[in-house]
Each structure stands twice: as structure tokens, then as C-alpha cells.
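Asker: Got a sequence here, can you build the structure:
(one chain, ligands or ions: 2)
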Amino acid sequence: GGTVRFEDVTFHYDADRPILRGIAFEVPAGRTVAIVGPSGAGKSTISRLLFRFYDVTGGRITIDGQDVRDVTQESLRRATGMVPQDTVLFNDTVAYNIRYGRPEASEAEVHEAARMAQIADFIAALPDGYRTEVGERGLKLSGGEKQRVAIARTILKAPPILILDEATSALDTHTEREIQAALDQVSRNRTTLVIAHRLSTVVNADEILVLEKGRIVERGRHPELLAKG
Ligand code: ADP
Ligand code: ADP
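Answerer: Ligands and ions are numbered 1, 2, ... in the order given. Here you go, the predicted model:
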């Protein structure tokens, strides 16, 4: 399961200013759809609606045919995972932060997720840098390292529905390439919504939606969109 559908969704935060208009798309179970567009186009708002941080003002969003307004917060939480643009971590060890989405995970699973996200060296560190009982290094993690913690958490949780919102934008090019490979692995066979600024980062999506000023202005696969310029 895990098919996500947006049916003619409209949304506004303030009544006099529409943010999304006529948004219609489907992410079939296990597939990847990317939303690309300039800053302010409404991309992050789409993921907030899916999580019901806000409710649509028109149309509806369904998961496996069920309106998200009829899904409990608990099952929505279980079914979904997100790597946000800016990661805020708990003031506890990296290991704790990775485990947060799946508290029952074994030590070995936490380590494997940390390894895939290339954060294994920091597992005992505190994100904001204090000396720990276990670790020698009371490191302060950089923005990119915090992002890798969020990625490890999502790898460990491996939810059926995954939202990657500019997940690798805080990383340098070299790390980005390697982390992207880990994300590709976790998103394989999972319903995935990728949010990105640039077309070049979503080459492998089954469908790409180009969003401008709250409307889908173009859709297709990567080579087709590239050909159109
Ligand atoms: P993107 O992710 O494409 O950069 P967003 O979805 O974050 O775009 O924002 C779309 C529009 O909604 C922007 O004009 C932004 O200023 C506005 N917006 C975002 N969040 C809020 C909010 N909480 N209240 C009012 N307007 C908002
Ligand atoms: P969990 O860590 O178990 O995913 P959270 O309480 O952190 O649970 O988040 C609740 C739900 O909201 C989860 O599905 C999570 O993926 C999602 N979520 C977390 N942070 C954000 C965010 N910044 N924007 C949108 N959704 C988020």
C-alpha cells in the first residue's frame, strides 16, 4: 500500500492569498514523484498538507483511497517519514536522535543506518557539542552532519511513505552523491515524494511536476522536461 493522491487540491494560509491551486497528482505505491520549482512556489506546503499540519481548503488528499482527514495522527505518523530542509535535533546523542523514529531498533540497526548516512563516527556525540561519557569528541555538528542524522533516522524508520524535502541541499557535492545513493536505496519500493529546486537532482523520479506560483505548469519524465528546457 501507500498510494498518495492529491485531488484538485487548493490551499491558502490567508483567505486573500491562494498558495496552491488545482493540484492533482498521484504517487502510486512504491513509486517516486518529484516536485521541482522555485522558492515560494508551494512545494513544502504540499508536504505539510500530506502530514495534516494544515488541512486543504479545497479538494482532498488520500492515502490508499482514504481521506487523510479520516486517518488517525498515530497511523499517519507510523506510515510517513520526512527528511526536512532544516533538521532540528534533540539535545541528546546522535544515536538517540537516530533511534527516535523507531525506539525498539537494535544497536546494530542504529549503527547500520548511521553508516549508510555516513554519520557513524559521530554516534556518541551531542549535536551541539558537549563532551560525552562515551565519546572523546564533544563535537558540534555542522548543518550537513545534522542533516545526515535526519537521513539516518529515516533510513532506520523506513516508513512506507517518504518525503525528502531538499534532503541533500545542506551537503557538499561529494557527500551529497554518497548520501543520495543511501536515499535511493531507502526509497526503492517505497512511496516517495521528493522536493527539490533543481531538475538535475531528480533524474530518477517516475514523474516530475514543475510547480510555479502554486500551480503545476509542466509534468513528465526527466528527459522530456529537459528537452523542453
Ligand atoms: P516552497 O517550499 O516552494 O519554497 P512554501 O510551500 O514554503 O514554498 O511556501 C509557499 C508560499 O506560502 C510562500 O509564498 C510562503 O511565503 C507562503 N507561506 C509558507 N508558510 C506560510 C505560513 N505559515 N503562513 C503564511 N504563508 C506561508
Ligand atoms: P517521527 O520521528 O516518528 O517521524 P515526529 O513526531 O517527528 O515523528 O513527526 C510526526 C510526523 O511529521 C512524521 O510523519 C514526520 O515524518 C513528520 N514530520 C516531522 N518533521 C516534519 C517537518 N519539518 N515537516 C513536515 N513533516 C514533518
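
Asker: What residues are recorded as beta-bridge partners of the spatially most central residue of the chain?
Answerer: Most central in the chain under Cα atoms, centre = their mean is L164, positioned 2.2 Å from the mean C-alpha point. On the basis of DSSP bridges, L164 is bridged to V83, V194.

Asker: P84 against S169, yeah?
Answerer: No - using Cβ atoms under 8 Å, P84 is not in contact with S169; the gap is 10.7 Å. No exception for glycine: its C-beta is placed from N, CA and C like everyone else's.

Asker: Mind giving me the packing neighbours of the lowest-mean-pLDDT helix or strand in the chain?
Answerer: Within the chain, confidence by mean pLDDT, DSSP states H and E is lowest for helix 173-187 among all helices and strands, at a mean of 81. Using 3 or more Cβ pairs under 8 Å, 6 or more residues apart in numbering; DSSP states H and E, the elements in contact with helix 173-187 are helix 107-116, helix 143-157, strand 161-165.

Asker: Show me which residues of the chain are close to ligand 1?
Answerer: Residues of the chain lying close to ligand 1 by Cβ under 6 Å from any ligand atom are Y13, I19, G37, S39, G40, A41, G42, K43, S44, T45.

Asker: what's the spacing between the fifth one and ligand 2?
Answerer: Going back to what we said before, that points to G40. 17 Å (Cβ to the nearest ligand atom, to the nearest Å).

Asker: Wait, a strand at that residue?
Answerer: No - judged by DSSP: H, G, I helix; E, B strand; the rest coil, G40 forms no part of a strand; its state is coil.

Asker: hang on, the residue nearest to the centre of the chain packs against R190?
Answerer: No - using Cβ under 8 Å, L164 makes no contact with R190, being 10.6 Å away.

Asker: any idea which helix or strand comes after whichever strand or helix holds R48?
Answerer: Using DSSP states H and E, R48 maps to helix 43-50. Next in sequence after helix 43-50, counting helices and strands by DSSP H and E, comes strand 58-63.

Asker: Pick out the shakiest of the helices and strands packed on helix 173-187, pLDDT-wise.
Answerer: Here the lowest mean pLDDT among the helices and strands packed on helix 173-187 goes to helix 143-157, at a mean of 90.

Asker: and it, which residues are buried?
Answerer: Neighbour-count burial for helix 143-157, counted by 16 or more other Cβ atoms under 10 Å, picks out 144-157.
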